Every structure is written in structure tokens, then in C-alpha cells.
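K.L.:
With the sequence up front, the predicted model follows.
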Amino acid sequence: AQKVTQAQTEISVVEKEDVTLDCVYETRDTTYYLFWYKQPPSGELVFLIRRNSFDEQNEISGRYSWNFQKSTSSFNFTITASQVVDSAVYFCALSEAPQETSGSRLTFGEGTQLTVNP
Amino acid sequence: DSGVTQTPKHLITATGQRVTLRCSPRSGDLSVYWYQQSLDQGLQFLIQYYNGEERAKGNILERFSAQQFPDLHSELNLSSLELGDSALYFCASSVEGSPPYEQYFGPGTRLTVT
């Protein structure tokens, strides 16, 4: 069975600080995909990134960066120079390669509430 | 805007009642997923449809059912509602295939059972 753990329930930072959100996953598959989603106060879930298990290169998109380490089963998310608009709940999710009965379901972590104070 | 639409946005109903939640996927997406978000259970996968056929089932109660129509919109039917069914219900859509692609989520339907 697959599992995603986000040990940080809440993080509070002051604007312009860097912040890292941790994500640890468990899966028996060798092929899998990892995702991050953002849920702002308005409630919708916004897709941020998708990575596959064969690509361990770090990725940077503006102020966002992701560090994938297969050796520690982690897929951490860093926001550089945080802003008030980054305040949201961030979810890490895992999907294994589609099987006959498992489809492409996402297994989500519990989420991390990030509050960025001015 | 993800391109996924859900109606209604809010729904308040009484225990024992039945409701239908509706979802229209992004143009071109054949897969539709339903998720439930509650305080005690978090975000949980309920069911997936692909081009009208059920593809995968998660933690979906027997009182709940879903279908995907020929125009690809989907409905989630919740019956004999209980207080514990109060939650935010999300629909998502994606291009189906291998590997799994990102899912785009609708704004959700907030269900309150009183």
C-alpha cells in the first residue's frame, strides 16, 4: 500500500523567509509519480508539480524548488523569499503506475498549513 | 481556473436525504476522479471513471455511487446521508494513460448534513 507523510502540520514564517515543506512517501512500486498541490483559503486545489521516480533532478520554478531524494523516499518543497500570498495548505501526493483496478488515484499526505506573516 | 466545473458550490441537507453532485471535466480529459476532504479523514480518493467506465474504487461507501455519462460529465450520488458525510467533495480530471498525469481539480462542493 502507498502512504504519504507530511509531518509538519503547521508552519509559520515571516515574509521573505525561506521555508521547506517535508514529504516522505512509501510505495512498493519502482515506478511512481509524486505531486504537490496548493490549497489556498478559497479552497480549490491547485496543481504545482509532477515528478516521476526515475528523474531525481531537482526542479526550480521561480521561487519554488523541489528536492527529490529516492534514497530517503522524500520529495521536499522549498519556497524562497516567502510572500503572504503563499499562505495555504500544501499537499504532497503519490500515484503509482496505473494498474487494472487501481487506476491513477492520488494518495495524499495530511497537508501542511503554511502561514506567512507580513 | 482549472477548467473543471462542479455544481452546486454549497449544499445543505438533512440526515437520511439523497443528493447529487455534478462535475464537468476539462475539455479533452477522459478521466474523472472524485475525492472527499474531511477534517478527520483528510483527502481521500473515492472513485475514478474513464470514458464512461469505472476504472478504480477507493474508500467509497456503499451508500455512494457515481457514473460518467457519454458527454463525459460525472455525477456522484450520496444517499441515506449521515452527519459524518459532511465534507468538501472534489472532482478532478486528467488525461488518462501511463504514466499517470496531473489531475486538475474543480472548486469543490461543500456538503453540510444537519
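P.N.:
Received, thanks. Residues are numbered from 1 along each chain as shown, chains lettered A, B, ... in the order given.
K.L.:
Just say helix, strand or coil for the closest residue to A:Gln69 other than its chain neighbours.
P.N.:
Using CB to CB, 6 or more residues apart in numbering or on different chains and skipping the chain neighbours, the partner closest in space to A:Gln69 is A:Glu56 (7.1 Å). For every residue, glycine as well, the C-beta is placed using N, CA and C. What DSSP: H, G, I helix; E, B strand; the rest coil gives for A:Glu56 is coil.
K.L.:
quick one: contacts for A:Glu56?
P.N.:
Counting by CB atoms under 8 Å, 6 or more residues apart in numbering or on different chains, A:Glu56 touches A:Phe68, A:Gln69, A:Lys70.
K.L.:
Next one, pLDDT for the second one please.
P.N.:
In this case it means A:Gln69. Listed pLDDT for A:Gln69 reads 94.
K.L.:
pLDDT score assigned to the residue nearest to A:Gln69?
P.N.:
Reading off the model, A:Glu56 has pLDDT 84.
K.L.:
same check, this time on A:Asp29
P.N.:
For A:Asp29, the predicted pLDDT is 88.
K.L.:
With A:Gln99 instead?
P.N.:
A:Gln99 is assigned a pLDDT of 65 by the prediction.
K.L.:
Look up how far B:Phe45 lies from the closest residue to chain B within chain A.
P.N.:
Closest approach of chain A to chain B (CB to the nearest CB) occurs at A:Gly103, with a separation of 2.9 Å. Per CB to CB, to the nearest Å, A:Gly103 is found 9 Å from B:Phe45.
K.L.:
tell me, what residue is most central in chain B?
P.N.:
B:Trp34 (3.0 Å; CA atoms, centre = their mean).
K.L.:
neighbours of B:Tyr35, just the number please.
P.N.:
25 (other CB atoms under 10 Å in any protein chain shown).
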